[in-house]
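A.B. asks: Build me a model:
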Amino acid sequence: MPAPITLLVAYPKEVIRAGLRVMLAGSGIRIVAEADDVTSALSLATKHKPAVVLLDAIDSGGRAYKFVRDIRKAVPGANFVFLAAVENPTYCARAKAVGASNVLLESVATRELVAVIENVAAGKSAKPPELFAKVSAAIMGKPNKMTEEAKLTPRELQVLAHVAFGLINEEIAQSLGIDLDTVKSHIYHLLRKIGARDRTHMALRAVNSSVI
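C.D. replies: From the prediction side, this is the model:
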């Protein structure tokens with residue numbers, strides 16, 4: 001019999017954690033630890049070294065970059081799946097930026113949940129939810145009339161899409177594999193090229209021009 005897949009659940013809602021325990025009972029997935037916040041999840045991940053970490057897309061929020069980075073240092077082989085109460089493109093973009101494998105809804109069916117965790121643990125690709133797939137494609141940048149007139153470079157277009165989804169600079173750097181100063185430089189040039197007053201205005205213009 002193969003060894004069970006070890007799972008760390010980092011989710012603030014007790015009712016969801018209880019539901020996950022029931023859903024995964026009898027499967028080849030074993031919940032080795034639970035946490036209701038990302039701080040305690042880090043120490044538990046270091047102790048148990050789970051194959052997969054299931055975490056809250058909302059609670060992690062802007063801290064997702066640092067949290068996932070810290071866990072990867074402690075558990076280099078860990079994989080990540082985000083869980084969310086509602087579909088939200090920003091959650092998907094944030095999850096993709098930090099290298100998560102998937103974003104699931106709290107209402108996910110047992111069969112799908114088990115299949116996703118098994119595939120993630122095995123390093124296999126599985127068809128992601130439609131929104132996650134669309135967001136993943138969008139943050140790679142797609143030119144349109146506004147961006148062509150502004151003469152944006154492919155990288156600037158990618159940065160613009162990330163900003164439009166609400167990602168912070170650290171997450172953009174992680175997603176694109178560039179350093180923080182380079183992200184800041186791209187944003188400086190984007191503000192000038194598209195005539196935006198500030199980051200919020202830039203994101204609004206990107207959304208209105210269908211960059212995402």
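A.B. asks: Show me what the helix or strand hosting Glu148 is in contact with.
C.D. replies: Using DSSP states H and E, Glu148 falls within helix 145-149. For helix 145-149, contacts defined as Cβ atoms under 8 Å, 6 or more residues apart in numbering pick out 157, 160, 194, 205, 209, 211. C-beta: built from backbone N, CA, C; applies to glycine.
A.B. asks: starting at the chain centroid, how far to that helix?
C.D. replies: Between the centre of helix 145-149 and the centre of its chain there are 28 Å (Cα atoms, centre = their mean, to the nearest Å).
A.B. asks: any idea of the mean pLDDT for it?
C.D. replies: Helix 145-149 carries an average pLDDT of 84.
A.B. asks: can you check stretch 5-20 too?
C.D. replies: The pLDDT scores in stretch 5-20 average 94.
A.B. asks: residues in contact with Ile187?
C.D. replies: Going by Cβ under 8 Å, 6+ apart, Ile187 touches 159, 163, 169, 199, 202.
A.B. asks: which two from the residues you listed end up farthest apart in space?
C.D. replies: The distance between the two most remote of the contacts of Ile187 (Cβ to Cβ) is 13.0 Å, for Asn169 and Met202.
A.B. asks: where in this structure is pLDDT low?
C.D. replies: 1, 59-62, 125-126 (pLDDT under 70).
A.B. asks: Would you map out the domains in it?
C.D. replies: The record's domain parsing of the chain by automatic domain parsing lists 5-131, 139-208.
A.B. asks: want to try CSV for the contacts of helix 145-149, with distance to Val108 as columns?
C.D. replies: Formatted as CSV, the contacts of helix 145-149 follow (distance: Cβ to Cβ, whole Å):
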residue, distance to Val108
Leu157, 33
Leu160, 32
Ile194, 38
Arg205, 35
Ser209, 34
Val211, 30
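A.B. asks: For Gln174, give its distance to Gly123.
C.D. replies: 20 Å (Cβ to Cβ, to the nearest Å).
A.B. asks: who has more neighbours, those two?
C.D. replies: Taking neighbours as other Cβ atoms under 10 Å, Gln174 and Gly123 compare with Gln174 leading, 21 against 9.
A.B. asks: what helix or strand is that one on?
C.D. replies: If you go by DSSP H and E, Gln174 is part of helix 169-176.
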